[in-house]
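Novice: Here is the input, now give the coordinates:
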Amino acid sequence: MPARDLQSGPTETVLVLGHYRTSLTVCRLLGQAGHTVIAGRSKPTSAEKSRYVTEVWQHPPADNNTEEFIASLTAFLAKRPDITLLLPVAEFMLQLIIPHQESIPTKVACNDRGLIKACTDKAAMLELAQELRVPVPTFEIAKSKDALTISAEKIGFPCVVKPAANIPTYPKIWILRDQDDLDRQFKPWPKLLDTLIVEPWVGGIRFNRYFIAKAGKILQSIDVRIARTHLPDGSGYAVEGISVADNPLMDSHCDALMQSLEYNGIGCIQFLVDEAAGKVSFLEINARLPGNYAFAHYCGLDQLGALIDMTRGREATKTGAMPTMRYGKRFSWLYGDLTGMMAAANLRQISPKGALTWSARAILATIRADKRLTMDWRDPKPNLYLGYRFVDTSVRFLLLQALKLGSSIFHRLRQMI
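Specialist: From the prediction side, this is the model:
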């Protein structure tokens, strides 16, 4: 069972912000617990289709004009004193709102601002890990195309390049196999990126440890072994995984990072684990509700309840016996799986046969999953909407491919004539 019952506190009217797969999970859990849920949106989302959302607030795009968005949010909340809690879900939305907390007339449910800032500075986190002797790859910092080329040559190919801060318009990482790959992917230099981290490519399986911590000590956690992601190179969003007991290779390193940060809140810490060699490599800490929170909650970790409790100054976990976590359970994310397949096919990263194999794996993962991230028979509309989006995208893709094929055949016939 979850660490606490969301129904145990007073019911509130909550504004949920951020277009992220966790948004739907949060809206459902809050609504099921009796809270009134308002979903913010700048464009259509699956969360707003949920039966548990009572109202939708249309706001200006947050990524185009920050000042306009914050002014609109502040004005909306000033007119709505019934809204007692603001819950930003996606990391981009969290980073946007945190600097303006004092001007926002509603309590914001999130970890401490300083903690969020520390964890989102990826370069500083790697430096901290080095100081604590937490295993991390050798890395270089690049702030220009020339510096990136020099750093990649120093690190060696294949190498991994990632932004020092998460920016939603770009991948979380680029895997560069050679100099031609670098020139192709970084020509021109991506806008909004001023600092990149360059690391050697490290093999292993990604492990996510979802946790609730207080005063630098993890109180409750669940480890998830990631089986597949939505990208063919293994980076990106997890689409299939299994819950496991705490991996002992990660324990001491997690403890060292938590103590150094004096971590108080919820989050997810990620490692690459080479189980055969008994080695780990630290990736990052996300100081927010994780993307696969629906699965963490299903396994018994109530990070949402803990976050609200901490925001309200209540104890994050109940005293007495700790909840029993569910190990050996599987999750799947069908929509992310299939959209990843379509994107890879469109970019010719996989063959038609590879696309069929990928689709079969996605369907098999969904059939055998104990928890399907966005599916809920009690709340079908969000998935009907996602299904419509996928079919629409698929039809457009197939029509485009048919047009390309027809054009190619036409040109060949003309040459023959």
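Novice: Assign Ile285 to helix, strand or coil.
Specialist: Following DSSP: H, G, I helix; E, B strand; the rest coil, we place Ile285 in the strand state.
Novice: Mind pulling up the pLDDT for it?
Specialist: Listed pLDDT for Ile285 reads 96.
Novice: can you pull up the bridge partners for it?
Specialist: Per DSSP bridges, residues listed as beta-bridge partners of Ile285: Ile269.
Novice: Double-check it against Ile269; I have them as touching.
Specialist: Yes: at 4.9 Å, Ile285 counts as touching Ile269 under the criterion of C-beta atoms under 8 Å. For glycine as for every other residue, the C-beta is placed from the backbone atoms N, C-alpha and C.
Novice: who touches both of the two?
Specialist: Counting by C-beta atoms under 8 Å, 6 or more residues apart in numbering, the residues touching both Ile285 and Ile269 are Leu257.
Novice: count of residues packed around Tyr255?
Specialist: You called it Tyr, but residue 255 is Asp. 14 (other C-beta atoms under 10 Å).
Novice: got a list of what it touches?
Specialist: Going by C-beta under 8 Å, 6+ apart, Asp255 touches Lys217, Ile218.
Novice: Equivalent analysis for Ala276, please.
Specialist: With contact set as C-beta under 8 Å, 6+ apart, Ala276 has no partners.
Novice: which helices and strands does whichever helix in the chain runs longest pack with?
Specialist: The helix that spans the most residues within the chain, counting by DSSP state H, is helix 381-416. Using 3 or more C-beta pairs under 8 Å, 6 or more residues apart in numbering; DSSP states H and E, the elements in contact with helix 381-416 are helix 334-346.
Novice: got the angle between the longest helix of the chain and helix 334-346?
Specialist: Counting by axes from the mean of the first three to the mean of the last three C-alpha atoms, to 10 degrees, helix 381-416 lies at 10 degrees to helix 334-346.
Novice: Tell me, how many residues neighbour the closest residue to Leu283 other than its chain neighbours?
Specialist: Leaving aside its sequence neighbours, Leu283 sits nearest to Gln270 (C-beta to C-beta, 6 or more residues apart in numbering; 4.0 Å). Close neighbours of Gln270, defined as other C-beta under 10 Å, add up to 18.
Novice: Is it correct that Gln270 is in contact with Gly204?
Specialist: No: counting by C-beta under 8 Å, Gln270 stays clear of Gly204, with 11.0 Å between them.
Novice: where are the low-confidence patches of the stretch 1-150 of the chain?
Specialist: Scanning the stretch 1-150 of the chain for pLDDT under 70 picks out the ranges 1-9.
Novice: Tell me where it has helices.
Specialist: 21-32, 66-79, 91-97, 113-120, 122-131, 145-155 (DSSP state H, counting those that start in this stretch).
Novice: Pull the residues that contact the shortest one.
Specialist: Outside of helix 91-97, the residues that reach it under the criterion C-beta under 8 Å, 6+ apart are 17-18, 20, 62-63, 66, 69-70, 73, 86, 88, 104, 108, 110, 116, 120, 165-168, 286, 288.
Novice: can you tell me which residues contact Lys217?
Specialist: Contacts of Lys217 (C-beta under 8 Å, 6+ apart): Asp255, Met258, Gln259.
Novice: next one: Ala296
Specialist: Taking C-beta under 8 Å, 6+ apart, one finds Tyr210, Ile222, Val224, Pro290, Gln303 in contact with Ala296.
Novice: One more: Glu275?
Specialist: Ile205, Leu249.
Novice: ok, now the one 4 residues further on?
Specialist: If you count contacts by C-beta under 8 Å, 6+ apart, Lys279 has them with Pro135, Gly204, Leu249, Val273.
Novice: And the second one, how close does it get to Pro137?
Specialist: Noted for Gly204: a distance of 11 Å to Pro137, by C-beta to C-beta, to the nearest Å.
Novice: shared neighbours, the two?
Specialist: Common neighbours of Gly204 and Pro137 (C-beta under 8 Å, 6+ apart) are Ser281.
Novice: which strands and helices sit next to whatever helix or strand Arg209 lives in?
Specialist: Following DSSP states H and E, one finds Arg209 within strand 205-214. Counting contacts by 3+ C-beta pairs under 8 Å, 6+ apart, strand 205-214 packs against strand 217-229, strand 238-244, helix 248-261, strand 265-274, helix 303-311.
Novice: Now do Lys122: how many residues are near it, please.
Specialist: 21.
Novice: Please name the residues that touch it.
Specialist: Applying C-beta under 8 Å, 6+ apart, the residues near Lys122 are Lys162, Pro163, Ala164, Ala165, Asn166, Ile197, Glu284.
Novice: Just the residues you listed: which are in strands?
Specialist: Lys162, Pro163, Ile197, Glu284 (DSSP state E).
Novice: Kindly state the domain boundaries assigned to the protein.
Specialist: Using automatic domain parsing, the domain ranges for the chain come out as 6-110, 138-200, 205-332, 334-416.
Novice: Quick one: closest of those domains to Leu128.
Specialist: Checking those against Leu128 by C-beta to C-beta gives domain 205-332 as the closest, at 6.4 Å.
Novice: rewinding a little: what's the closest of the contacts of Lys217 to Asp309?
Specialist: Nearest member of the contacts of Lys217 to Asp309, counting by C-beta to C-beta, is Met258, at 18.8 Å.
Novice: And that closest one, how far from Gln95?
Specialist: Distance check for Met258 against Gln95: by C-beta to C-beta, it reads 22 Å.
Novice: More neighbours: which of these two?
Specialist: Between Met258 and Gln95, counting by other C-beta under 10 Å, Met258 is the more crowded of the two (21 against 18).
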